[in-house]
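>>> how would this look folded up:
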Amino acid sequence: MSAGKIIGYIFAAILIVIGLLFIIATFSEDGKISYLLTGSILVLTGFGIIWFAGRKKDTETEEVTMNIDLSGDVDLDTLSCKSCGGQLDSEN
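Numbering: from 1, shown residues only. Here you go, the predicted model:
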């Protein structure tokens with residue numbers, strides 16, 4: 001999971017909790033209908049961020065190819081068998 005998704009989910013959770021607090025405050029003695037509207041907008045925005053972050057594809061897996069240019073002569077040395085003295089190539 002990418003860092004952007006984690007940050008998005010945390011931010012969405014904060015918005016949803018604050019929105020729920022506003023909705024609960026609507027039903028108090030001094031509650032106003034504007035609290036319900038504000039809480040609803042915050043909760044819907046939080047769920048919208050969760051939906052958007054869930055659709056975003058992870059791009060953490062990248063294929064990296066490294067080419068090295070060596071200077072000078074890079075021919076393979078010939079190897080010989082210690083027992084019989086025969087030549088060994090790269091297949092052996």
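
>>> okay, stretch 32-45 in PDB with CA atoms only?
The C-alpha trace of stretch 32-45 is given here as PDB (Å, rounded to 0.1, in the frame of the first residue of the first chain):
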ATOM      1  CA  LYS A  32     -28.800  23.600  14.800                       C
ATOM      2  CA  ILE A  33     -29.700  22.200  11.400                       C
ATOM      3  CA  SER A  34     -26.500  23.600  10.100                       C
ATOM      4  CA  TYR A  35     -24.600  21.100  12.200                       C
ATOM      5  CA  LEU A  36     -26.400  18.300  10.400                       C
ATOM      6  CA  LEU A  37     -25.500  19.800   7.000                       C
ATOM      7  CA  THR A  38     -21.900  20.300   8.000                       C
ATOM      8  CA  GLY A  39     -21.600  16.800   9.500                       C
ATOM      9  CA  SER A  40     -23.200  15.200   6.400                       C
ATOM     10  CA  ILE A  41     -20.800  17.100   4.100                       C
ATOM     11  CA  LEU A  42     -17.800  16.000   6.100                       C
ATOM     12  CA  VAL A  43     -18.900  12.300   6.200                       C
ATOM     13  CA  LEU A  44     -19.700  12.200   2.500                       C
ATOM     14  CA  THR A  45     -16.300  13.900   1.700                       C
END
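
>>> chain center to it, what's the gap?
31 Å (C-alpha atoms, centre = their mean, to the nearest Å).

>>> repeat for stretch 45-63
That offset, for stretch 45-63, works out to 8 Å (C-alpha atoms, centre = their mean).

>>> buried residues in that stretch, which are they?
For stretch 45-63, the neighbour count (16 or more other C-beta atoms under 10 Å) marks Gly46, Ile49, Ile50, Ala53 as buried. Every residue, glycine included, has its C-beta placed from N, CA and C.
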